[in-house]
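>>> got a sequence here, can you build the structure:
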Amino acid sequence: EVELVESGGGLVQAGGSLRLSCAASGFTFDDHAIGWFRQAPGKEREGVSCITFSDGRTHDEESVRGRFTISTDNALNTVYLQIDSLKPDDTAVYYCAADPGMTWSGYGCEYEWSIWGQGTQVTVSS
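Prediction:
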């Protein structure tokens with residue numbers, strides 16, 4: 001079975017840090033694009049960061065640039081999202097997704113995300 005499993009979420013005070021993990025099961029990340037998204041209560045899902053596993057090329061959305069860092073561990077077939085200087089507005093369910101075909105629109109993190117994880121909750125207290 002092909003799936004993504006996120007972990008690492010939790011409750012943290014503003015100013016703190018978290019590292020989220022996205023592990024693949026049933027497939028490897030080779031030649032995939034992997035993205036991180038979040039959805040806050042009452043808001044639409046938004047992309048935050050993405051990476052192409054083969055060459056490590058990354059893109060961070062402007063709203064998180066400088067605080068969010070996406071990275072990979074090829075040996076563990078895992079993608080991480082390091083979140084620093086957390087703010088209450090970062091409270092959301094964070095999801096990872098994969099595009100096996102790396103079908104990029106040519107802009108930002110616009111890929112064809114076809115494999116999704118179940119999400120991990122991040123709550124930032126003020």
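>>> and for Thr78, nearest residue in space, chain neighbours not counted?
Nearest non-adjacent residue to Thr78, counting by Cβ to Cβ, 6 or more residues apart in numbering: Ala23, 4.8 Å away. Just so you know, the C-beta spots here come from the backbone N, C-alpha and C atoms, and that holds for glycine as well.
>>> run a quick neighbour tally on the one you found.
By other Cβ atoms under 10 Å, 18 other residues sit near Ala23.
>>> helix, strand or coil: sort out it for me.
strand (DSSP: H, G, I helix; E, B strand; the rest coil).
>>> isn't it right next to Asn77, touching?
Yes - proximity of Ala23 to Asn77 meets the contact threshold set by Cβ atoms under 8 Å, at 6.6 Å.
>>> mind listing what the most centrally placed residue in the chain touches?
What sits nearest the mean C-alpha location of the chain, by Cα atoms, centre = their mean, is Trp36, with 2.1 Å. Neighbouring residues of Trp36 by Cβ atoms under 8 Å, 6 or more residues apart in numbering: 20, 22, 47-50, 68, 70, 79, 81, 94-96.
>>> which residues are in contact with the closest residue to Phe29 other than its chain neighbours?
Of all residues not flanking Phe29 in the chain, Phe53 sits nearest, at 4.2 Å (Cβ to Cβ, 6+ apart). By Cβ under 8 Å, 6+ apart, the contact list for Phe53 reads Phe29, Asp30, Asp31, His32, Ala33, Ile34, Thr72, Asn74, Val79.
>>> filter those residues down to the buried ones.
Neighbour counting by 16 or more other Cβ atoms under 10 Å classes Phe29, His32, Ala33, Ile34, Thr72, Val79 among the contacts of Phe53 as buried.
>>> from Arg45, how far off is the last one?
What that stands for is Val79. In this structure, Val79 and Arg45 are 18 Å apart, going by Cβ to Cβ, to the nearest Å.
>>> cool, and the third one?
In this structure, Ala33 lies at 17 Å from Arg45, with Cβ to Cβ as the measure.
>>> thank you kindly, that will do.
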